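Novice: quick one, fold the following:
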Amino acid sequence: MSATPSFQLGPLETRHEAPCAEALAVSFATSVEAMPAWWEMAGRENLRAVTLGEDWQACLLQIPMGQWFGGRSVPMIGVAGVAVPPENRGTGVATWMMRQFIQEKHREQWPISTLYPSTWSLYRRAGYEIAGSYFRYTLRLRDLPLQPRKPSLRPFQPEDQTGLEAAYRKRAKHRNGFLDRGSYVWQRVREHRGKPRHGFLLDNGKDIQGSIFYYQIQKPDFFWNMELSDFTATSAESACRMLSFLAQHQTMGGEVEFFSGPHEPMLDLLAHRVFESQLFEYWMVRMVHLPKAMESRGWPLGLKTDLQFQIEDDLIGENNGTFRLQISGGEGRWTAGGEGRIQISAPNLAPLYTGFHSATSLAQHGRLQASPEDLALLDAAFAGPPPGMADMF
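Specialist: All right, here's what the predicted structure looks like:
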């Protein structure tokens, strides 16, 4: 990697759009012609590119949004569309790009970064670690209850977007790892490859209580399956109605598929286990700016404690050292100093932060060192529902 000092990371320039589009098409088995529309949806200003002299080398897409932890939205910079052309692979450019990107985001004070990895080793070299899951759920429409049939749902209209987002936040804020969706993800909810999805809302006249967006996948026998991009209910009553709304499609519909975390509470309302669930993918988190990360999330209201860390980070110098996390009244305060009783690396801090692993589990596998008393406090501080996600990005 002797050439890496000559790499430069910056915005994608117009003159480099053609090789970037070609590399993305090769990497993700899509067409070059599809790239401009994708870039416009994501925002061209969010494309980051690596150059070596005058030559384009690699790219990624950054996606500003948030992620819910402890009942609060933590600002999060997502990463997608990481592409290196075949002739540049093995040169170290991808590792350099990701490490440089994280340093850039630290300077911008982003608390965390999240991505879906095509490979774990590359992103681990930039300090990411497995920190949550993405499950696929499949149900036969004829196995769902047809009752209740009221109240009726109505089609989504563009002016419903604000109410739609409010309903989604009610569902998502208590689900660790769920996205606080930004404009890019919301457009993916509403559209499938540039075509509008079918959207329906459960609306009591005051606020939206449920939402569903789907597209139909045609089968050879002229029947079809449903794939959902949004499946929201704000109460048990609205969840029952959303399930029965799906059942009303069983005349021509076969199966319905949607994605969520490792446990989907709406399915607990069914009389029997008539669904299949399967781990589809893990996602990874990078702890970027520790004070912002620890002070942005929510903490247990009844817990008051002073946790004293010693952190190691081979990339971000400011993340190294001893720190105190003081928790009281649901708030966290992160400051330098303390005894460093809890020893952990920045990558291993990610699954603790999200709740993917308990402190006790990390300690059992040699990824954290602490006394039994501190382990118990850590387990209480980071307790919560297992982290999942309902969106791919």
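
Novice: low-scoring stretches of this protein, by residue?
Specialist: Within the chain, the stretches with pLDDT under 70 are 1-5.

Novice: give me every residue that touches L61.
Specialist: By Cβ atoms under 8 Å, 6 or more residues apart in numbering, the contact set of L61 is A42, N46, L47, R48, V79, A80, G81. In this view, the C-beta of every residue, glycine as well, is placed from N, C-alpha and C.

Novice: and it, how far is that from L24?
Specialist: 9 Å (Cβ to Cβ, to the nearest Å).

Novice: joint contacts of the two?
Specialist: With contacts defined as Cβ under 8 Å, 6+ apart, the residues shared by L61 and L24 are G81.

Novice: circling back: can you list which of the contacts of L61 are found in helices?
Specialist: Cross-referencing those against helices under DSSP state H gives A42.

Novice: in its sheet, what does the longest strand belonging to the chain sit against?
Specialist: When the chain is parsed with DSSP state E, its longest strand is strand 55-69. Paired with strand 55-69 in the same sheet, following DSSP bridges, are strand 47-52 (antiparallel), strand 72-83 (antiparallel), strand 179-180 (antiparallel).

Novice: so what touches the first one?
Specialist: I take that to be strand 47-52. 3, 6-13, 16, 20, 39, 56-62, 81, 93, 96-97, 100-101.

Novice: hey, where'd the strands end up in the stretch 101-250 of the chain?
Specialist: Taking DSSP state E, counting those that start in this stretch as the criterion, the stretch 101-250 of the chain carries its strands at 112-115, 129-140, 154-155, 179-180, 191-192, 195-196, 198-203, 208-218, 224-233.

Novice: deepest-packed of the ones you listed, please.
Specialist: Here the criterion is mean neighbour count by mean count of other Cβ atoms under 10 Å, and of those the winner is strand 112-115, at a mean of 25.

Novice: helices or strands up against it?
Specialist: strand 72-83, strand 275-287 (3 or more Cβ pairs under 8 Å, 6 or more residues apart in numbering; DSSP states H and E).

Novice: may I see the buried residues of stretch 373-385?
Specialist: D374, L375, L377, L378, A380, A381, F382, G384 (16 or more other Cβ atoms under 10 Å).

Novice: my bad, should have said stretch 269-279
Specialist: By neighbour count on 16+ other Cβ under 10 Å, the buried set for stretch 269-279 is F275, S277.

Novice: can you dump the C-alpha coordinates of it into PDB?
Specialist: This file holds the C-alpha atoms of stretch 269-279, laid out as PDB (Å, rounded to 0.1, in the frame of the first residue of the first chain):
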ATOM      1  CA  LEU A 269     -51.200 -11.000  17.600                       C
ATOM      2  CA  LEU A 270     -51.700 -14.000  15.300                       C
ATOM      3  CA  ALA A 271     -53.500 -17.100  16.600                       C
ATOM      4  CA  HIS A 272     -50.800 -19.500  15.400                       C
ATOM      5  CA  ARG A 273     -47.300 -19.300  14.100                       C
ATOM      6  CA  VAL A 274     -48.100 -19.100  10.400                       C
ATOM      7  CA  PHE A 275     -45.000 -17.200   9.300                       C
ATOM      8  CA  GLU A 276     -41.400 -18.100   8.500                       C
ATOM      9  CA  SER A 277     -38.500 -15.900   9.600                       C
ATOM     10  CA  GLN A 278     -35.000 -16.000   8.300                       C
ATOM     11  CA  LEU A 279     -31.800 -14.000   9.000                       C
END
